Structures are given as structure tokens and as C-alpha cells.
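> Take this sequence and fold it.
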Amino acid sequence: MKVGAFSISLSVKDIHVSKEFYENLGFTVFAGNIEHNYLILKNEDAIVGLFQGMFEGNIITFNPGWNQNAENLEQYDDVRAIQKHLKTSGVKLIKEADENTTGPESITMLDPDGNTILIDQHV
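Next up, the predicted model:
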């Protein structure tokens, strides 16, 4: 099973302060809009999303269909196939994908320690 590009989505208190902090670590803005309270920063293959006021806690994020440069992949495991595998394996999902659709969709779950995992397909 391939879950796609990996990033961490951080819930931040002040996006400007967080942006400066991560830029000091060598990250540069890759995507997003600071005026809409979200930025995606990148340092080589490491991706950090900064989100102010959008959700509580931090989220481990995977993007099926994308590589680490947010470029579409020709072959990938669709989020619905991933969902089916997880459900068969007994993983409880918080949010399920609509299996009667195609294209962008997402699923959400918690790992055994309560960390939120988002599998968010954009293609």
C-alpha cells in the first residue's frame, strides 16, 4: 500500500512567528497563502504545513497521488483502496471516503497513541 507524499500539518498560534522559525531552519515557502492562515514550507524532501486557527493539534498527513513536490503521479493507490485495506485490517476510521466517488477525497484516523492521521488525496 502506498500512502503518498508525507508531511506534518502543525496547528500554530501565530503563523508569522512560525514561518520565521521554520525559515531559520532552512525551510522555504512552497505553497499556501499567509493571508488565509496557511503555508506549506519545504526543506529538501521535508514538508511542514503551518495552519493557524484551522484545527486543534498536529496532523500526520499523507497525499496519495502526489510526490514530495506536489506533482501528480501516474500510478498510486487511491484513498478508497487504502480505506478498504485499513477497514479490512480492523483500523477504525474517524472520517471515511465516499466509495461511490472518484477523485479528491480523504480519510482520517487516530494511531494507537491518539495522533491524528489524515490521508488526503487531491487528484
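> Tell me the gap between stretch 3-22 and the middle of its chain.
Relative to its parent chain, stretch 3-22 has a centroid offset of 11 Å by CA atoms, centre = their mean, to the nearest Å.
> Contacts only, for Asp14.
Gln52 (CB atoms under 8 Å, 6 or more residues apart in numbering). To be clear about C-beta, it is placed using only N, CA and C from the backbone, and glycine gets the same treatment.
> And for the closest residue to Ser106 other than its chain neighbours, the neighbour number?
Excluding its sequence neighbours, the residue lying closest to Ser106 (CB to CB, 6 or more residues apart in numbering) is Asp120, at 4.3 Å. Neighbours of Asp120 under the rule other CB atoms under 10 Å: 21.
> what packs against the host helix or strand of Asp120?
Asp120 belongs to strand 116-121 when assigned by DSSP states H and E. Other helices and strands packing on strand 116-121, by 3 or more CB pairs under 8 Å, 6 or more residues apart in numbering; DSSP states H and E, are strand 59-63, helix 79-88, strand 105-110.
> what's the neighbour count on Glu44?
The number of residues packed near Glu44 is 8, by other CB under 10 Å.
> now do Asp45
11.
> Ok, Glu20 next?
Residues near Glu20, counting by other CB under 10 Å: 10.
> Equivalent analysis for Ile94, please.
Neighbours of Ile94 using other CB under 10 Å come to 11.
> helix, strand or coil for it?
At Ile94 the chain is in strand, as set by DSSP: H, G, I helix; E, B strand; the rest coil.
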